[in-house]
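Q: okay, here's the prediction I keep looking at, along with the sequence it came from:
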Number of protein chains: 2
Amino acid sequence: MNYVFSDKVSGLQASAIREILKFCAFPDVISFAAGNPAPEAFPTKVLAELSDSVMQTDPILALQYNITEGYTPLRDALKSWMGSRHCFEAGADDLIITSGAQQANELACKVLCNEGDTLICESPSFIGSLNAFRSYHVNLVGVEMEEDGIRLDLLEQALKDAKKAKLIYLIPNFQNPTGRTMSWEKRKAVYALAQKYNAVILEDNPYGDLRFAGEDIPAIKTLDTDGRVIYTGTFSKILAPGLRVGYVSAAEPIIQKIIVCKQVADVHTNIWAQVLCERFLATQNIEQHLAGLQKIYRHKCNLMLEGMEQHFSRKITWTKPEGGLFIWATLPQGSDMMGFCKRAVSEYKIAVVPGTAFSIRENDPSDSFRLNFSTPTDEQIVRGIEILGNMTRELLDK
Amino acid sequence: MNYVFSDKVSGLQASAIREILKFCAFPDVISFAAGNPAPEAFPTKVLAELSDSVMQTDPILALQYNITEGYTPLRDALKSWMGSRHCFEAGADDLIITSGAQQANELACKVLCNEGDTLICESPSFIGSLNAFRSYHVNLVGVEMEEDGIRLDLLEQALKDAKKAKLIYLIPNFQNPTGRTMSWEKRKAVYALAQKYNAVILEDNPYGDLRFAGEDIPAIKTLDTDGRVIYTGTFSKILAPGLRVGYVSAAEPIIQKIIVCKQVADVHTNIWAQVLCERFLATQNIEQHLAGLQKIYRHKCNLMLEGMEQHFSRKITWTKPEGGLFIWATLPQGSDMMGFCKRAVSEYKIAVVPGTAFSIRENDPSDSFRLNFSTPTDEQIVRGIEILGNMTRELLDK
């Protein structure tokens, strides 16, 4: 039969960058295209022990249906952890477990946006969230960033133009794909604009615990006096992404709607994984664990930045992230960025993600590409960056 | 702030039967209101061993990101298992892993239905699916059932009236909540009607492997010559629901859209759970395992039916399921069913689910209630049914 898909999904495409990503499976390709946390950062031994313990002593807990809101001891542990970091007050907000932060971001959009409603986000932004929003047929409006985050003048203009923007989606810490961090001053200004135009802020913070340089900046959520910030977090980058355990904290009426939508989405999140996260928090020193991760990522990021400094053409610029997983490099204006990325992978066997993957509107041009330093080994970083650097010099300096 | 939710979710309510379900937490209440598989049916020892093995020997597989489509060896194993049961031909269809069948059913609706599109289902039907469909603001049309499934005359009328019905949602085996099974003749007739009116069938088969009496009836999917059947299944009832592993098999263009929507919903299903399911299929005798489950459920169902036969008022009728988890009991027409259920739990400490929970349109009346025999112990079944039976006789026979 001929299929007629719904309007909201008929425009959704499997990612246009698949052509490049499929090269990553070739054994001779060095991939800086992934977004995976470093496997050596997984506390595999501890998780194996915790898993064995729960499967031996409490298998029915780990295997039976549970409630949609999530495993209560994990919710309590997270509330207390968030509270200790001055992220939110447990009293005013509620917190539930989701199947990764991806689900939290998707459901925030589902409960708040009708088709055609305006959702404002940083430009560029995380492709997974953009596609989630697209799948509800919202009107995505991108706002350009500068070094310390979204441009306030353009954000206010976008809020004005939209008449009634429902959501402002932000990744304030080590943003994907740019690695940029929003300053404290800017966080306060963004919150004030959300108040002025009565919009809800969706604050996505998957990388906040991976700060390896500079000082922590409090979440926008800490400013939230009137319940307009939905805060999403995840264990994907601090424990392991295969667990698919994230969480969302927001005012109770919003959480109630998200619970109903989560119930129809997957009933609840895999309960074994939730118990593992809870027992990890209960039995391990989480701050010490995070310090270990930060050390790994600081080393890998510096290794990549040093290589870029040494080998890249001076005509290329790039961000110097203080955390997270990504560096954002920019070719001279008007370059054939897509041609560059295709040639890098097909001729030089180095994979990066073309910036257009993160464009707010498909086919919006980009001069940039994203480099990931968490997945490759040290040796791959050193060799790969030298090869890519030589390519940039050949291409741009001759 | 005052929240304005999207039209599609603003009508969604936490279930109206919560008032009754909250009684189930009281230790002195015997609950026939659950839908959980029997915990004694979980192969906990085998799953603990398989889990320990994968966490010891291949922890990165179990913890790292994986592809949205699901763990390839599990997909292959399921294709071959489905093939051996004449469910579908691996060549024409594709099969992916979902976070429970719940996700598969939700995404089928998302990819095919615009807001306002008509989706036809059996009346009554599974509340989880109904709420999933409601969350996309479709026009739900219920079609009455008879002993051997949906009424064909009314189904054709509904298809005619709808002009263009997108989906027909069916649970052909041991339907939730009625326990009824659609006959083979009816399956063929339903498929022919779907062809005639060019609708897609969403065949939900969570209980098909739990047949403990009568003869297997092939899935509607086996009739699918033109790719119009989306078939969903799950490990929830045959291994353990906390794993949240289901699957969906459909024509490749539909599966492609579902993959994109699953990617934005939760990236992929918990990978440890997928590996466990795969290793269970690879190392255990699944048919023997299913025979063990069938024995447990046959016993529990018979125990409940015998108790009802002995103690219930003759004015109550009920279904005699050949599998699954549920019995559907019906009070004399025009009874105060909700009052009956409330009194059962508050005075007699016996919880059942009022039939209105499964109504296609909220507040549609029902004279029935659902009894679950898989979760309570044998002792609870014997005692609980006697108490409930005495209540029915007091109420109806005096």
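A: That came through, no problem. Numbering: from 1, shown residues only, chains lettered A, B, ... in the order given.
Q: helices and strands around the helix ranked longest in chain A, which ones?
A: Across chain A, the longest stretch assigned as helix under DSSP state H is helix A:286-311. Counting contacts by 3 or more C-beta pairs under 8 Å, 6 or more residues apart in numbering or on different chains; DSSP states H and E, helix A:286-311 is packed against strand A:326-330, helix A:378-396. Backbone N, C-alpha and C define where each C-beta goes, glycine included.
Q: mind listing what's buried along the following helix or strand past the shortest one?
A: Beyond strand A:326-330 on the C-terminal side, the first helix or strand identified by DSSP states H and E is helix A:337-346. For helix A:337-346, the buried set under the neighbour-count rule, 16 or more other C-beta atoms under 10 Å in any protein chain shown, comprises A:337-338, A:340-341, A:344-345.
Q: tell me which two in these are the farthest apart.
A: Greatest spacing in the buried residues of helix A:337-346, by C-beta to C-beta: A:Met337 and A:Val345 (13.1 Å).
Q: from the chain's centre, how far out does the strand or helix carrying A:Lys257 sit?
A: Element membership for A:Lys257, per DSSP H and E: helix A:252-266. When distances are taken as C-alpha atoms, centre = their mean, to the nearest Å, helix A:252-266 is centred 21 Å away from the chain's centroid.
Q: mind listing what's buried along that helix?
A: For helix A:252-266, by 16+ other C-beta under 10 Å, it's A:254-266.
Q: elements contacting it?
A: Using 3+ C-beta pairs under 8 Å, 6+ apart as the test, helix A:252-266 ends up in contact with strand A:93-98, helix A:100-112, strand A:246-251, helix B:7-10, helix B:100-112, helix B:127-134, helix B:252-266.
Q: switch the ones you listed over to JSON lines; also include mean pLDDT.
A: As requested, the helices and strands packed on helix A:252-266 are arranged in JSON lines below (pLDDT from 0 to 100):
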{"stretch": "strand A:93-98", "mean pLDDT": "94"}
{"stretch": "helix A:100-112", "mean pLDDT": "98"}
{"stretch": "strand A:246-251", "mean pLDDT": "97"}
{"stretch": "helix B:7-10", "mean pLDDT": "92"}
{"stretch": "helix B:100-112", "mean pLDDT": "98"}
{"stretch": "helix B:127-134", "mean pLDDT": "95"}
{"stretch": "helix B:252-266", "mean pLDDT": "95"}
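Q: roughly how far apart are A:Lys186 and A:Val260?
A: 34 Å (C-beta to C-beta, to the nearest Å).
Q: what does A:Ala251 give?
A: Distance of A:Ala251 to A:Val260, given as C-beta to C-beta: 15 Å.
Q: likewise for A:Lys8?
A: With C-beta to C-beta as the criterion, A:Lys8 and A:Val260 are 19 Å apart.
Q: can you check A:Ala34 too?
A: 34 Å.
Q: and A:Ser84, how many neighbours?
A: 8 (other C-beta atoms under 10 Å in any protein chain shown).
Q: whichever helix or strand A:Leu193 is part of: how far from the chain's middle?
A: Here A:Leu193 sits within helix A:184-196, counting by DSSP H and E. The chain centroid and the centroid of helix A:184-196 are separated by 21 Å under C-alpha atoms, centre = their mean.
Q: got a list of contacts for that helix?
A: Helix A:184-196 is contacted by residues A:148-150, A:152, A:155-156, A:159, A:168, A:170, A:172, A:182, A:199-201, A:217-220, A:223-224, A:226, A:228-229 when judged by C-beta atoms under 8 Å, 6 or more residues apart in numbering or on different chains.
Q: now the buried members of these.
A: Judged by 16+ other C-beta under 10 Å, buried ones among those: A:149-150, A:152, A:155-156, A:159, A:168, A:170, A:172, A:182, A:199-201, A:217, A:219-220, A:223-224, A:228-229.
Q: give me the sheet partners of the top strand by length along chain A and which way each runs.
A: Longest strand of chain A, by residue count under DSSP state E: strand A:139-146. Sheet partners assigned to strand A:139-146 using DSSP bridges are listed as strand A:118-123 (parallel), strand A:149-150 (antiparallel).
Q: one step back: and of the helices and strands packed on helix A:252-266, who's closest to B:Glu278?
A: Per C-beta to C-beta, nearest to B:Glu278 of these: helix B:100-112, 16.5 Å.
Q: coming back round to it: buried residues in the helix holding A:Leu193?
A: For helix A:184-196, using 16+ other C-beta under 10 Å, the buried residues are A:184, A:186-187, A:189-191, A:193-194.
Q: again, but for stretch A:385-398
A: A:385-386, A:388-389, A:391-393, A:395-396.
Q: again with stretch A:375-383
A: Result for stretch A:375-383 [16+ other C-beta under 10 Å]: buried residues A:375-376, A:380-382.
Q: and A:Ser31, what does it touch?
A: A:24, A:351, A:372, A:375-376 are the contacts of A:Ser31 under C-beta under 8 Å, 6+ apart.
Q: correct me if wrong: A:Gly227 contacts B:Asn2.
A: No. Using C-beta atoms under 8 Å, A:Gly227 is not in contact with B:Asn2; the gap is 9.9 Å.
Q: which residues of chain A score low on pLDDT?
A: Scanning chain A for pLDDT under 70 picks out the ranges A:14-19, A:90-92.
Q: what about 80?
A: Across chain A, residues meeting the criterion (pLDDT under 80) sit at A:13-25, A:85-92, A:362-363.
Q: for the stretch 151-300 of chain A, which residues are neighbours of chain B?
A: A:166, A:198, A:200, A:226-228, A:236, A:240-244, A:251, A:253-254, A:256-257, A:259-261, A:263-273 (C-beta under 8 Å from any C-beta of the partner chain).
Q: what about A:Asp204, distance to chain B?
A: Using C-beta to the nearest C-beta, to the nearest Å, A:Asp204 is found at 14 Å from chain B.
Q: A:Ser346 too?
A: For A:Ser346, the distance to chain B equals 23 Å [C-beta to the nearest C-beta].
Q: what is the neighbour count of the residue lying closest to that residue once chain neighbours are set aside?
A: Nearest residue to A:Ser346 in three dimensions, chain neighbours excluded: A:Phe23, at 7.1 Å (C-beta to C-beta, 6 or more residues apart in numbering or on different chains). Around A:Phe23 there are 19 other residues, counting by other C-beta under 10 Å.
Q: my guess is A:Phe23 contacts A:Arg343, does it?
A: No. A:Phe23 is beyond contact range of A:Arg343, at 11.6 Å (criterion: C-beta under 8 Å).
Q: how long is stretch A:229-243 end to end?
A: End-to-end distance of stretch A:229-243: 26 Å, with C-alpha to C-alpha, to the nearest Å as the criterion.
Q: kindly report the same for stretch A:193-208.
A: By C-alpha to C-alpha, one end of stretch A:193-208 lies 23 Å from the other end.
Q: gap between it and the chain center?
A: Taking mean C-alpha positions (C-alpha atoms, centre = their mean), stretch A:193-208 and its chain are 15 Å apart.
Q: swap in stretch A:249-259?
A: Relative to its chain's centre, stretch A:249-259 lies at 21 Å (C-alpha atoms, centre = their mean).
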